[in-house]
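Asker: Please find the sequence and the predicted model below.
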Amino acid sequence: MANPVQENGIQVVGTTKYEIVDRYWREDSSVKILMKDVTGATDRAMICSRGWEVDYPQLDKLYGNMQHTIQAVTEAIGAWCKAIIGLVRDEENWKWKNEMIRKVDKASGEIRLWVKIYQAETPSVAWSEEDLGFVLSIPEANVMDLSSLVRQFKDQLLSAFGKDELYRNPKVQYVKAPSELLLRPPYYLSIQANPTYIIVESSHSPSLKFLAEYLHKHKFSMEEVSLFPCPF
């Protein structure tokens, strides 16, 4: 018979691996609640692959039994959720958030998390173009220190995208209406308004091109949007 383990006040004894996982992953479990919080913070559905339940039985020996393995991996997933939520809700990370959402929308429109094992001393998280989502890597030979995972995952997520990508202009179709835009747009502009026209000047031509597409999309009261080269 399997050793007992406490989860949310419920003692799990003598059950199968699938029954244990279902207890940790039921709708009112902490990890499912955190996944819903990720969706609430990002406006994107979150999906976490559960293939690790059967793909990596070698972890049971490392953690003592299957119950402790499931508990450890589930807590690591929860730490990843907390890290994502913390980064997204921090206004200072708005460039990172924009790039993360751009990656997600380009890949599938859903935030996907894959759990894999690898040969290293500590767990890690990264964005994978191949998997079209985030990968949470679990050490194969070392028990995870769960106490510091949230801070560790935040640091790794902040460096998941290249610096150049964070300053890329967003796609017009992914930008919300003016009433929903952030109050700190990433453009340095000079704007002059008249009853019949608006003049927008900027030293950054890609930004002007983006704004022309954006204004054309939302129309406002304008009949025409035109771009003119700077004579200087």
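Answerer: Alright, I've got the coordinates. Numbering: from 1, shown residues only.
Asker: Low-confidence stretches in this structure?
Answerer: 1-23, 52-56, 162-189, 203-205, 219-232 (pLDDT under 70).
Asker: can you list the domains in it?
Answerer: Domain assignment for the chain, taken from automatic domain parsing, gives 5-166, 172-218.
Asker: tell me the most buried of the ones you listed?
Answerer: domain 5-166 (a mean of 16; mean count of other CB atoms under 10 Å). Placement of C-beta: from N, CA and C, glycine included.
Asker: For this protein, give the helix that spans the most residues.
Answerer: Secondary structure of the chain per DSSP state H: the longest helix is helix 66-89.
Asker: following it, which helix or strand shows up next?
Answerer: Next in sequence after helix 66-89, counting helices and strands by DSSP states H and E, comes helix 94-107.
Asker: Contacts made by the helix or strand just after that following helix with the rest, please.
Answerer: As assigned by DSSP H and E, the chain's next helix or strand after helix 94-107 is strand 111-118. Residues outside strand 111-118 that contact it (CB atoms under 8 Å, 6 or more residues apart in numbering): 38-39, 42, 44-49, 51-52, 56, 58-59, 73, 76-77, 80, 84, 104, 128, 131-140.
Asker: Go again with 7 Å.
Answerer: By CB atoms under 7 Å, 6 or more residues apart in numbering, the residues outside strand 111-118 that reach it are 38, 42, 44, 46-49, 52, 56, 59, 73, 77, 80, 104, 131-138, 140.
Asker: before we move on, back to that, remind me what the longest helix of the chain packs against, helices and strands.
Answerer: If you count contacts as 3 or more CB pairs under 7 Å, 6 or more residues apart in numbering; DSSP states H and E, helix 66-89 packs onto strand 5-7, helix 17-24, helix 30-42, helix 58-63, strand 111-118, strand 133-139, helix 149-158.
Asker: got the CA coordinates for it in CSV?
Answerer: Extracted in CSV, the C-alpha atoms of helix 66-89 (Å, rounded to 0.1, in the frame of the first residue of the first chain):
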residue,chain,number,x,y,z
MET,A,66,4.6,8.6,-6.8
GLN,A,67,2.6,10.7,-4.4
HIS,A,68,5.6,12.9,-3.5
THR,A,69,6.5,13.2,-7.2
ILE,A,70,3.1,14.4,-8.1
GLN,A,71,3.0,16.8,-5.2
ALA,A,72,6.4,18.3,-6.1
VAL,A,73,5.7,18.7,-9.8
THR,A,74,2.3,20.2,-9.1
GLU,A,75,3.9,22.7,-6.7
ALA,A,76,6.4,23.6,-9.3
ILE,A,77,3.6,24.2,-11.8
GLY,A,78,1.9,26.4,-9.2
ALA,A,79,5.1,28.4,-8.7
TRP,A,80,5.3,29.0,-12.5
CYS,A,81,1.7,30.3,-12.4
LYS,A,82,2.5,32.6,-9.5
ALA,A,83,5.6,33.9,-11.4
ILE,A,84,3.6,34.6,-14.6
ILE,A,85,0.8,36.3,-12.7
GLY,A,86,3.2,38.5,-10.7
LEU,A,87,5.1,39.6,-13.8
VAL,A,88,1.9,40.4,-15.8
ARG,A,89,0.3,42.4,-13.0
